[in-house]
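[1] Could you work out the structure for the sequence below:
(one chain, ligands or ions: 1)
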Amino acid sequence: MIERIFVTEAAVQYAYVKKICDRAELEPELIRDDAAYRNDIERFLTDPVGQGKRHLLLDVFRGEFFRKCPGTRGKVCCNYYVIDQTSNCPFDCSYCFLQSYLNLRAIRFAVNVEDLFRELEAVFRRRRFIRVGTGELADSLALEPLTGFGGMLMKFAVEFPGVVLELKTKSSNVDELPDVRKKPGRGVIGWTMEPAHVVNNEERGTATLEERLAASSRAAKKGYGIAFHLDPVVFFPGFEEAYLNLVEQIFSHHEKLDWMSLAGFRYEPALKSYVEERFPNSELLDGEFLRCSDGKFRYLFPERIRFFRRLVEKVKQLSPKTPLYFCMEDARTWKLVMGEKALTDPVLTPIFLREGDDEE
Ligand code: SF4
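    You can find the predicted model right below:
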């Protein structure tokens, strides 16, 4: 998966660097900084996105790791916080926005995790409730066999009551994670799920559907809450039955989830050329799309609403107590699919506490 490890001058003194290189069985290549990677390595790559995913750049991050998820203009906010410690991912999904979003092609991994923990401790001590995750610019557990970072972060976070830490992944790397039973905080592992057709066609290097489901059962046994994200829902011939079957498979493994999110496939215009050039067999752009107010392209509104209604009905029928929410959809979509009271549904209150509700 990782073929080369680059270490910046700032990072080389950290013991964590040696641990990662030893686990990867790779000799570190010393570089001045990330600019040197761009100038000396990246610009000579023939497939910068694909090859960059096999390069791990160990660096020191001097800014703030913790931030509120910016959400998207005009869409309902789910009050989620994110930790940006890693950016980019060794997996390769055709729909991944990181292809057009990141300006460095290697996977950048900050080794100064003590600084991160110090920053988080100050935040976690102040809060009565916070839902936070690391899966915004990376897969939270894809590099776990090399870095062990997800496990370290989880061990730290679950000691704080009111902290809910979600590690979001398409891997099955849960076996090295700590047992979190009887901890004051809550650890959640969230899997992004797609029918096998989409996994096979659009997601390179990820765990299979069966592997993700089996891993979710193992994680539950260690005390983790389980979440699933049907995101992005992709339209393809037979997609409706495929997603409804997927929901059945999920709830044959788990009676109730900590939460489930839904989101239709959407894309920024810049993503299109990456899909066309890098994924010649992709079916992702085959549907009919309309540009929305936030500048992203989405499937036609009536088709989205019609299918979301079927999907929501299925989830509610199989697990009425599972909190279900939309990611990056507007209030109108919520109400049309889930009814007028969708946004004030008490089942969502524990996970949707607004900023300010939770501060002492
Ligand atoms: S697993 Fe997530 S972060 Fe990684 S390539 Fe796929 S969509 Fe992007």
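[2] Up against the ligand, what does the chain have?
    Contact residues, the chain versus the ligand (CB under 6 Å from any ligand atom): 89, 91-93, 96, 98, 138-139, 170. No exception for glycine: its C-beta is placed from N, CA and C like everyone else's.
[3] Counting only helices, which of the residues you listed make the cut?
    Among the residues of the chain next to the ligand, DSSP state H puts residue 98 in helices.
[4] Now intersect the residues of the chain next to the ligand with the strands, please.
    If you go by DSSP state E, the residues of the chain next to the ligand have 92-93 in strands.
[5] Tabulate the residues of the chain next to the ligand in a markdown table, adding columns for neighbour count and pLDDT.
    A markdown table is the format used below for the residues of the chain next to the ligand (neighbours: other CB atoms under 10 Å; pLDDT from 0 to 100):
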| residue | neighbour count | pLDDT |
| --- | --- | --- |
| 89 | 23 | 98 |
| 91 | 19 | 98 |
| 92 | 19 | 98 |
| 93 | 24 | 98 |
| 96 | 21 | 98 |
| 98 | 18 | 97 |
| 138 | 24 | 97 |
| 139 | 26 | 98 |
| 170 | 25 | 98 |
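[6] In the sheet, which residues pair with residue 325? Tell me.
    Counting by DSSP bridges, residue 325 forms beta bridges with residue 261.
[7] Do you know the pLDDT at it?
    Looking at residue 325, its pLDDT reads 89.
[8] That one: neighbour count?
    Here the number of neighbours of residue 325 (other CB atoms under 10 Å) works out to 21.
[9] go on, residue 183?
    For residue 183, using other CB under 10 Å, the count is 18.
[10] show me the contacts for the residue lying closest to it once chain neighbours are set aside.
    Excluding the flanking residues, the one nearest residue 183 by CB to CB, 6 or more residues apart in numbering is residue 158, at 3.9 Å. Residues in contact with residue 158 (CB atoms under 8 Å, 6 or more residues apart in numbering) are 165, 178, 180, 183-187.
[11] Helix, strand, or coil at the residue nearest to residue 184 when sequence neighbours are not counted?
    The shortest distance from residue 184 to any residue other than its chain neighbours is 4.0 Å, reached at residue 161 (CB to CB, 6+ apart). For residue 161, the assignment made with DSSP: H, G, I helix; E, B strand; the rest coil gives coil.
[12] if I look at residue 161, how far off is the ligand?
    30 Å (CB to the nearest ligand atom, to the nearest Å).
[13] Show me which positions of the helix or strand containing residue 50 end up buried.
    If you go by DSSP states H and E, residue 50 is part of helix 48-52. With burial defined by 16 or more other CB atoms under 10 Å, the residues of helix 48-52 counted as buried are 48-49, 51-52.
[14] now, the most widely separated pair of those?
    49 and 51 (7.7 Å; CB to CB).
[15] Report the set of residues contacting both of those two.
    residue 105.
[16] For the residue nearest to residue 183, give me the pLDDT.
    98.
[17] same check, this time on residue 3
    Looking at residue 3, the pLDDT reads 98.
[18] repeat for the one 10 residues further on
    At residue 13, the pLDDT value in this model is 97.
[19] can you check residue 188 too?
    Residue 188 is given a pLDDT of 98.
[20] Am I right that it sits in a strand?
    Yes: per three-state DSSP, residue 188 lies within a strand segment.
[21] what sits against it?
    164-167, 224-227, 258-259.
[22] ok, so of the residues you listed, who is nearest the ligand?
    Set against the ligand, the nearest of the contacts of residue 188 by CB to the nearest ligand atom is residue 167 (12.5 Å).
[23] neighbours around the closest residue in space to that closest one that isn't next to it in sequence, how many?
    Closest residue in space to residue 167, ignoring its immediate chain neighbours: residue 140 at 3.8 Å, by CB to CB, 6+ apart. Neighbour count for residue 140, taken as other CB under 10 Å: 28.
[24] any idea how far residue 149 is from residue 140?
    For residue 140, the distance to residue 149 (CB to CB, to the nearest Å) stands at 9 Å.
[25] likewise residue 46?
    Taking CB to CB, one finds residue 46 at 30 Å from residue 149.
[26] which one of those two has more residues nearby?
    More neighbours surround residue 149 than the other of residue 46 and residue 149, with 23 against 6 (other CB under 10 Å).
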